[in-house]
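Q: need the 3D shape of this:
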Amino acid sequence: MEALSSWRNVLSSSQTKQAYTAYVREWEARIGAFLEFDPDRLSGGGRPAGTDASAADHPLAGIPFAVKDNIAVEGFSLTCASRMLEGLASPYTATAVARLQAAGAVVVGKTNLDEFGMGSSTDNSALGRTSNPWDPSRVAGGSSGGSAAAVAAGLVPFALGTDTGGSIRQPAAFCGVYGLKPTYGAVSRYGLVAYASSLEGIGVLAGSAQLARLVFETMRGIDPRDHSSVEYQASGEAPSPLRVGVLGGIRELSPEVEGVYRNAITTLRELGMQTSEITLSTLEYVVPAYYTIATAEASANLARFNGIRYGHRPAFAENPEQLVQASRDEGFGEEVKLRILLGTYVLRSGFQDQYYVRAQRVRTAIRNELASAFAGVDVLLLPVFPTPAFKRGAEGLTPFQQKLADKFTATANLAGVPGLAFPAGTVDGLPVGLQLLAPPFEEERLFRAAERYAEASPNRHPAGYSKEWMR
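A: Alright, predicted model coming up:
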């Protein structure tokens, strides 16, 4: 597991905290992972609120971690990387964060994201730009790019993110870390600013599968403040050897990612796992179904931001209607406006059956096909993204190309199943991640498979990564 004992000492004295802060500031000048960083904000004056006396014995006691800035943490801002909420102070703490704090873990900052979680690059943030620690000319992925970059650069051992269509797994793959999207409902969404409520959830990015498991086990469980949360119902079984379903005839992958995918299949076989080729005929319908449902829910969820009760307020408006219009025009970025408009369109009277209802039927077909696949295999091995981390601007991918590439990740969100991105290889100095999917509540299968893979393919770190400052 990640050397948690070293991390525990980081905040224990002014000397180590000073060295830690200097290390973070040095990396921040290069990658911009944080929107707020303050290791003293919640670590002074004893244990965080909600911590019980037994927390001193918890493996996470004293461990610093970061939180994506669309998850509430009292004492920090809650901006969602948007002008709309710039300067908003969170009045309470999300359940997932509170459970980690009760175990003694300490929030040291809030990380950057694509505005309201909408994007695949963390370039859509209105408050900063996050770069990939492996190559700052490339994106960190999105929308949890700040959390992934912070973990990859060694700024925190783990960070919380959110995953609506791949927003944890894709940046994890780009930055060479582990990224868990849990079973829908396994982790409370209370305190998460809603984007697409039936698709999104809080998960974790970490430097190892073992640490991701520990954080997940600490956060999970039913929450009376979140009606979509459920009791965790793990079967307790992790079959051995694992049967792994793999895709055949994938044409959309770049040579780099396809090569890593094929090599990973060989590695899993060498580790004693059984592989069999499967076909997912619904993959081609994932992107249109996902964006129809996600934008429809975004249109409804973001309607609350109008500049009246809270949110950006224009300098002048003649009447309430003009105030709301100006608030949204000035407060929302272009990608957010696009998704709200698209969602409003598919929910219009006369269009719901044609678009939204049809998308929900496709969603059911995707869920059923995955259930059929899991009748014959224990986990599925899929790509995360067709390319490694891409460059910005003309050398990179257009927003439309980025959306098309969500087909492999959004599948898990539409079906509500867990997914774990893991470092699978390095090509031309860039990490390439793959993902494993499992049936609902079978996260343990994902951790076991990723841990075995790590034995054969040790994880690497970007240039400049160092733990010398901890000594």
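Q: rest of the way, CA atoms for contacts and neighbours
A: Fine.
Q: which secondary element of this protein has the worst mean pLDDT?
A: helix 4-8 (a mean of 88; mean pLDDT, DSSP states H and E).
Q: would you mind listing the buried residues in the helix or strand following it?
A: Next along the chain after helix 4-8, taking DSSP states H and E as the criterion, comes helix 14-31. Burial within helix 14-31, assessed by neighbour count using 16 or more other C-alpha atoms under 10 Å, is assigned to 16-17, 19-21, 23-25, 27-28, 31.
Q: just put those residues in JSON lines and tack on pLDDT and distance to residue 66.
A: Converted to JSON lines, those look like this (pLDDT from 0 to 100; distance: C-alpha to C-alpha, whole Å):
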{"residue": "16", "pLDDT": "91", "distance to residue 66": "18"}
{"residue": "17", "pLDDT": "93", "distance to residue 66": "15"}
{"residue": "19", "pLDDT": "93", "distance to residue 66": "18"}
{"residue": "20", "pLDDT": "95", "distance to residue 66": "14"}
{"residue": "21", "pLDDT": "96", "distance to residue 66": "14"}
{"residue": "23", "pLDDT": "96", "distance to residue 66": "15"}
{"residue": "24", "pLDDT": "97", "distance to residue 66": "12"}
{"residue": "25", "pLDDT": "96", "distance to residue 66": "15"}
{"residue": "27", "pLDDT": "97", "distance to residue 66": "15"}
{"residue": "28", "pLDDT": "98", "distance to residue 66": "14"}
{"residue": "31", "pLDDT": "98", "distance to residue 66": "15"}
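Q: who's in contact with the least confident helix or strand of the chain?
A: Residues outside helix 4-8 that contact it (C-alpha atoms under 8 Å, 6 or more residues apart in numbering) are 59-64, 157, 470.
Q: out of the buried residues of helix 14-31, flag the one nearest to residue 342.
A: The closest of the buried residues of helix 14-31 to residue 342 turns out to be residue 31 (C-alpha to C-alpha; 32.1 Å).
Q: I'd say that closest one and residue 134 touch.
A: No. Applying C-alpha atoms under 8 Å, one finds residue 31 not in contact with residue 134, separated by 9.7 Å.
Q: got phi/psi on the residue minimising distance to the centre of the chain?
A: The residue lying closest to the centre of the chain (C-alpha atoms, centre = their mean) is residue 168, at 2.1 Å. Dihedral pair for residue 168: phi -100, psi -50, per degrees, to the nearest 10.
Q: and the helices in this protein?
A: For the chain, applying DSSP state H gives helices covering 4-8, 14-31, 95-102, 145-152, 169-175, 209-219, 255-270, 283-301, 320-331, 334-346, 358-374, 399-404, 407-415, 443-456.
Q: which of the ones you listed comes out lowest on mean pLDDT?
A: Lowest mean pLDDT within the helices of the chain: helix 4-8, a mean of 88.
Q: buried sites along that helix?
A: Within helix 4-8, judged by 16+ other C-alpha under 10 Å, the buried ones are 4, 7-8.
Q: so which of the residues you listed is the closest to residue 128?
A: Among the buried residues of helix 4-8, and counting by C-alpha to C-alpha, the member closest to residue 128 is residue 7, at 27.1 Å.
Q: for the residue in the chain sticking out farthest from the centre, give its distance to residue 157.
A: Going by C-alpha atoms, centre = their mean, the residue of the chain most distant from its centre is residue 318, 40.9 Å out. For residue 318, the distance to residue 157 equals 50 Å [C-alpha to C-alpha, to the nearest Å].
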